[in-house]
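S.K.: quick one: sequence plus predicted model below, questions after.
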Amino acid sequence: MDRKEFIKTCGYACLGATSIGILLQSCVSTKSIYASINGENLVVPKVDFQNKEDYIKYIIVRNDNLQFPIYLFRFSENDYTALYLRCTHQGYELNAYGEKLVCSAHGSEFNNKGIATNGPATEPLKSFPVHINNQNILISLKKV
Ligand code: FES
């Protein structure tokens, strides 16, 4: 194989790998629910995270009293994080792609802990305290 052929083959391999990554990311379905408010808490039933024999990683939680939805991510049975899907750059709504939150306005990206990983946003996302009882995950809206 000569140099030109080698570079051409590598180019096709990179293109194929990139395409597969994009396809896999777009196949991840996002579950969205409407949660009720009880007192100061948004109430999400734990069963909403169950998926046959496994658990889904995150749920988008909505309520009419919230201007933006909340991204509720499950790290483990007793460890969740709740992030407000409002971009800290200029306030546009973020979209969830697995563990990545992306702003379509100017391209900012955040991880599942709310840390800005790609600008122009630099500030972390607003997060809410999460409490867990036997059946529910409670997102405290005290400071909204
Ligand atoms: S508003 Fe999100 S990147 Fe600008």
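M.R.: Now that the structure is in, tell me what you want to look at. It should be emphasised that the depicted structure is a prediction, and the values quoted were computed from it without experimental measurement. Numbers count the residues shown, from 1 in each chain.
S.K.: residue contacts, the spatially most central residue of the chain?
M.R.: In the chain, the centroid-proximal residue (Cα atoms, centre = their mean) is residue 96; its distance is 3.9 Å. The neighbours of residue 96, taking Cβ atoms under 8 Å, 6 or more residues apart in numbering as the test, are 30, 58, 60, 71, 85, 102. Every C-beta, even on glycine, is put in place using the N, C-alpha and C of the backbone.
S.K.: buried subset of the residues you listed, written for ChimeraX?
M.R.: Selection of buried members from those for ChimeraX, criterion 16 or more other Cβ atoms under 10 Å:
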select :58,71,85
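S.K.: restrict stretch 65-78 to CA atoms and write it as CSV.
M.R.: Output in CSV follows, covering the C-alpha atoms of stretch 65-78 (Å, rounded to 0.1, in the frame of the first residue of the first chain):
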residue,chain,number,x,y,z
ASN,A,65,-44.6,26.3,37.2
LEU,A,66,-41.1,25.9,35.8
GLN,A,67,-39.9,28.0,32.9
PHE,A,68,-37.3,25.4,32.0
PRO,A,69,-37.3,21.6,32.5
ILE,A,70,-35.0,19.9,34.9
TYR,A,71,-32.5,17.2,34.0
LEU,A,72,-32.6,14.5,36.7
PHE,A,73,-29.6,12.2,36.4
ARG,A,74,-29.2,8.9,38.3
PHE,A,75,-25.6,8.1,39.3
SER,A,76,-26.7,5.3,41.6
GLU,A,77,-29.7,4.1,43.7
ASN,A,78,-29.2,6.9,46.2
